[in-house]
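S.K.: one predicted model, sequence on top.
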Amino acid sequence: QVQLVESGGGLVQAGGSLRLSCAASGRTFSSGAMGWFRQAPGKEREFVASIGWSGRSTSYADSVKGRFTISRDNAANTMYLQLNSLKPEDTAVYYCAARPGLGIRTQGTEYDYWGQGTQVTVSS
């Protein structure tokens, strides 16, 4: 079992930045891939970014590529998402997720463990 807790969300103006954190506990953190997803009001959950167990492999949704950066610190059992050049359409609840497999995945159904989410609101 893996427990995930997100933090770092908040209210920011368009063009601003935030850094989200996902603290993991429970089973070995470094053995699997992890990802970030988001869900805006009235919309389906969507993939944002994923990172492999070593941190060397990453994948991003086209909508955030070049603006967001995913990273992880296995020694600290923490994953991060740096959000730069934020836009109002980035407003959503952001969730971190973990899976025991090594490969990065973009589908939420491929992940076994989820956090409770952290709200990101971008004002225009």
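M.R.: Structure's in. What do you need? Residues are numbered from 1 along each chain as shown.
S.K.: show me the contacts for residue 7.
M.R.: 20-23, 118 (C-beta atoms under 8 Å, 6 or more residues apart in numbering). (Glycine included, C-beta is placed from N, CA and C.)
S.K.: from those, which ones fall inside strands?
M.R.: 20-23, 118 (DSSP state E).
S.K.: ok, and the most crowded of those?
M.R.: Counting neighbours by other C-beta atoms under 10 Å, residue 22 leads the ones in strands among the contacts of residue 7 with 25 neighbours.
S.K.: so what sits opposite it in the bridge?
M.R.: On the basis of DSSP bridges, residue 22 is bridged to residue 6, residue 79.
S.K.: residues near residue 4, how many?
M.R.: Neighbours of residue 4 using other C-beta under 10 Å come to 22.
S.K.: let me see the confidence value for the residue nearest the centre of the chain.
M.R.: Nearest residue to the geometric centre of the chain (C-alpha atoms, centre = their mean): residue 36, 2.4 Å. Note on residue 36: pLDDT of 98.
S.K.: next up, the contacts around it.
M.R.: Contacts of residue 36 (C-beta under 8 Å, 6+ apart): 20, 22, 48-50, 70, 79, 81, 94-97.
S.K.: select only the buried ones of those in PyMOL?
M.R.: Selection of buried members from the contacts of residue 36 for PyMOL, criterion 16 or more other C-beta atoms under 10 Å:
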select buried, resi 20+22+48+49+50+70+79+81+94+95+96+97
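S.K.: can you list the contacts of residue 36 in TSV and add secondary structure, pLDDT and distance to residue 1?
M.R.: Output for the contacts of residue 36, formatted as TSV (DSSP: H, G, I helix; E, B strand; the rest coil; pLDDT from 0 to 100; distance: C-beta to C-beta, whole Å):
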residue	secondary structure	pLDDT	distance to residue 1
20	strand	98	22
22	strand	97	16
48	strand	98	24
49	strand	98	24
50	strand	97	21
70	strand	98	23
79	strand	96	17
81	strand	98	23
94	strand	98	22
95	strand	98	17
96	strand	97	15
97	strand	96	14
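S.K.: residues contacting the residue nearest to residue 94 when sequence neighbours are not counted?
M.R.: In space, and not counting its chain neighbours, residue 94 is closest to residue 38: 4.8 Å by C-beta to C-beta, 6 or more residues apart in numbering. Neighbouring residues of residue 38 by C-beta under 8 Å, 6+ apart: 45-46, 48, 90, 92-95, 120.
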